[in-house]
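1. Structural data only, the sequence is not supplied:
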């Protein structure tokens with residue numbers, strides 16, 4: 001039995017780690033040093049805010065240094081690395097800043113918003129009333145004038161920007177003043193674009209009027225799987241005081257150490273990394289459009305993020321294409337979103353994007369034998385075997 005488990009992990013690492021083009025925008029790879037910390041001695045240990053456990057002095061210092069780096073990187077007044085995921089970060093924010101019956105204004109899943117914020121997710125759990133942002137699918141963004149009217153009329157308790165499908169900056173600057181004047185708290189779920197924010201290449205929610213920036217740490221941001229909270233002082237301190245023990249007990253200190261190191265990597269290399277992601281996305285989108293794929297937002301230059309969205313108009317059609325691509329070891333989701341964060345972290349640049357587009361075309365449109373395409377996918381992957389933009393390179 002032991003060999004079955006070890007063999008399955010080994011087979012996965014060989015396949016996804018060495019032979020695939022991983023284009024899921026909610027995934028990334030860690031540097032060897034960051035990954036190594038996940039298996040450190042810290043993985044065995046506990047600590048708690050009430051100092052119930054002894055032997056925690058190094059764990060406490062790692063957490064404090066990690067928070068300090070996060071505050072510097074995101075220019076935030078407070079930071080907390082304890083959320084175990086982006087979803088838990090969402091829960092911490094909503095559960096502590098709202099009460100049953102309050103209204104939440106955000107992008108609906110129908111328009112690419114995060115389903116976890118909608119029904120049957122956290123709004124149902126916390127008995128909140130979700131209101132959808134008025135949204136333009138043509139522009140893949142919030143309609144500002146209509147949103148202002150909704151804010152004035154509905155008086156939401158909290159307004160959350162950000163989405164799972166996000167190709168352009170959200171109009172935080174245009175709407176945050178209206179929201180705050182109406183008594184709303186303004187947040188930004190930056191799960192997908194956190195690495196682009198850290199690299200100063202997308203938008204800066206905390207400077208544009210958001211009071212809280214929160215989300216995942218393993219998408220465009222290249223840390224371990226987990227969550228983070230960054231906020232203005234008053235709201236941030238409120239959240240920090242209420243995390244333990246209601247939402248996080250043991251915060252997984254190996255993960256926090258790994259995240260602290262990833263934050264340092266982002267501080268050192270983030271601008272170059274994030275800028276390359278956006279260049280790669282734009283070149284990939286243009287190449288796919290040239291092949292005739294239905295890439296969204298051509299009139300706006302396709303994308304300014306790590307995502308290239310291809311709209312087949314039907315989920316099942318998208319799934320069929322994604323399954324076809326998987327047979328050639330091109331890994332994506334069923335929307336379909338093609339993410340450039342992982343291939344960029346591996347060192348691919350503009351020259352590789354037309355090669356990726358051609359491999360997608362050969363599989364999805366030309367219906368070439370996947371076994372033949374798979375060999376060329378593996379060849380391209382083998383040229384970029386390790387993480388770049390890190391201290392290991």
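-> Yes, it's here. None of these values were measured; they are calculated from a predicted model.
2. Please count neighbours and contacts with C-alpha atoms only from this point.
-> OK.
3. In the stretch 201-350 of the chain, mark out all the helices, start to finish.
-> 205-208, 233-243, 253-290, 315-326, 341-345 (DSSP state H, counting those that start in this stretch).
4. among these, which is the most enclosed?
-> Mean neighbour count, computed with mean count of other C-alpha atoms under 10 Å, is highest for helix 341-345 among the helices of the stretch 201-350 of the chain, reaching a mean of 28.
5. what's downstream of it, the next helix or strand?
-> Downstream of helix 341-345, the next assigned helix or strand under DSSP states H and E is helix 353-364.
6. And the helices in the stretch 51-200 of the chain?
-> 57-74, 86-97, 122-125, 144-154, 172-181, 194-198.
7. just checking, what packs against the first one?
-> It stands for helix 57-74. With contacts taken as 3 or more C-alpha pairs under 8 Å, 6 or more residues apart in numbering; DSSP states H and E, helix 57-74 sits against strand 78-80, helix 194-198, strand 227-231, helix 253-290.
8. Adding distance to residue 346 and mean pLDDT, write these out as TSV.
-> Shown next, in TSV, are the helices and strands packed on helix 57-74 (distance: least, C-alpha to C-alpha, whole Å; pLDDT from 0 to 100):
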stretch	distance to residue 346	mean pLDDT
strand 78-80	28	98
helix 194-198	15	98
strand 227-231	23	98
helix 253-290	10	98
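9. Specify the stretch among the helices of the stretch 201-350 of the chain that is closest to residue 119.
-> Closest approach to residue 119 among those is made by helix 315-326 (19.2 Å; C-alpha to C-alpha).
10. And the closest one, what does it pack against?
-> Helix 315-326 packs on helix 353-364, going by 3+ C-alpha pairs under 8 Å, 6+ apart.
11. The helix it packs on - what's its average pLDDT?
-> Helix 353-364 comes out with an average pLDDT of 97.
12. can you redo the helices and strands packed on helix 57-74 as JSON lines with distance to residue 165?
-> Converted to JSON lines, the helices and strands packed on helix 57-74 look like this (distance: least, C-alpha to C-alpha, whole Å):
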{"stretch": "strand 78-80", "distance to residue 165": "25"}
{"stretch": "helix 194-198", "distance to residue 165": "14"}
{"stretch": "strand 227-231", "distance to residue 165": "19"}
{"stretch": "helix 253-290", "distance to residue 165": "14"}
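13. between those, which gets nearest to residue 185?
-> When the helices and strands packed on helix 57-74 are compared by C-alpha to C-alpha, strand 227-231 sits nearest residue 185, at 11.5 Å.
14. one step back: for residue 368, find the nearest of the helices of the stretch 201-350 of the chain.
-> helix 315-326 (10.3 Å).
15. Give me the local confidence score for the residue most central in space within the chain.
-> Closest to where the C-alpha atoms of the chain average out (C-alpha atoms, centre = their mean) is residue 192, at 2.4 Å. Listed pLDDT for residue 192 reads 98.
16. Do I have it right that it meets residue 220?
-> Yes: using C-alpha atoms under 8 Å, residue 192 makes contact with residue 220 at a distance of 5.9 Å.
17. Mind listing residues that contact stretch 193-203?
-> Identification of contacts with stretch 193-203 by C-alpha atoms under 8 Å, 6 or more residues apart in numbering yields 73-74, 168-169, 204, 215-217, 219-222, 266-267, 270-275, 304-306.
18. what about it, distance to the chain center?
-> Relative to its chain's centre, stretch 193-203 lies at 11 Å (C-alpha atoms, centre = their mean, to the nearest Å).
19. of all the helices of the stretch 51-200 of the chain, which lies closest to residue 10?
-> The nearest among the helices of the stretch 51-200 of the chain, by C-alpha to C-alpha, is helix 86-97 at 27.7 Å.
20. Can you point out the buried residues in the closest one?
-> Neighbour counts over helix 86-97 (16 or more other C-alpha atoms under 10 Å) mark 86-95 as buried.
21. Can you tell me which of the helices of the stretch 51-200 of the chain is most buried?
-> helix 194-198 (a mean of 26).
22. Now for the closest residue to residue 335 other than its chain neighbours: which residues touch it?
-> Counting by C-alpha to C-alpha, 6 or more residues apart in numbering, the nearest residue to residue 335 once its immediate chain neighbours are dropped is residue 318, at 5.7 Å. Contacts for residue 318 (C-alpha under 8 Å, 6+ apart) come out as 311-312, 334-336.
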